[in-house]
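J.: Provided below for reference: sequence and predicted model.
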Amino acid sequence: MLYELRIYQVVPGRMQAILNRFRDDTIRIFAKHDMKVTNFWIDADESKDRLYYVLEHQDAASREQNFQAFLDDSEWMELKERTEQNGPLHEKIDIVYMKKSSFFQID
């Protein structure tokens, strides 16, 4: 498995809008393209306007294929356009690719 940590620097004042977009639509669209979200987090210091989530992929090739299908999805393109009419919801996205360590197992 390949895990993708995505860290969004959210535009100040737009956190609720991006959370709503994920909750109401984006997670469902991800699922259409075999993109599994393991969890979401918000920075404990909410003034930092950071959102974190992890996607689980079979491997790097499936990540590329599924993510491209998501980006090309007409429902996603319409949603993004509609929810960003007043400007973007995030300033940047940092991505970290991870794999599980061999020594730690969750029961």
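T.: That came in fine, so what should we check first?
J.: quick one: low-confidence parts of the chain?
T.: 107 (pLDDT under 70).
J.: Run through the strands of it in chain order.
T.: 2-10, 36-42, 50-57, 90-98 (DSSP state E).
J.: contact partners of the third one?
T.: Yep, that's strand 50-57 we're talking about. 1-10, 15, 18-19, 22, 30, 35-43, 63, 66, 90 (CB atoms under 8 Å, 6 or more residues apart in numbering). Using the backbone N, CA and C atoms, a C-beta is placed for each residue, glycine as well.
J.: Buried subset of those as a ChimeraX selection?
T.: Of those, the buried ones go into a single ChimeraX selection, burial set by 16 or more other CB atoms under 10 Å:
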select :2,4,6,7,8,10,15,18,22,30,35,37,63,66,90
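J.: Figure out how far the longest helix along the chain is from the centre of its chain.
T.: As assigned by DSSP state H, the longest helix anywhere in the chain is helix 60-72. On the basis of CA atoms, centre = their mean, to the nearest Å, helix 60-72 sits 13 Å off its chain's mean C-alpha point.
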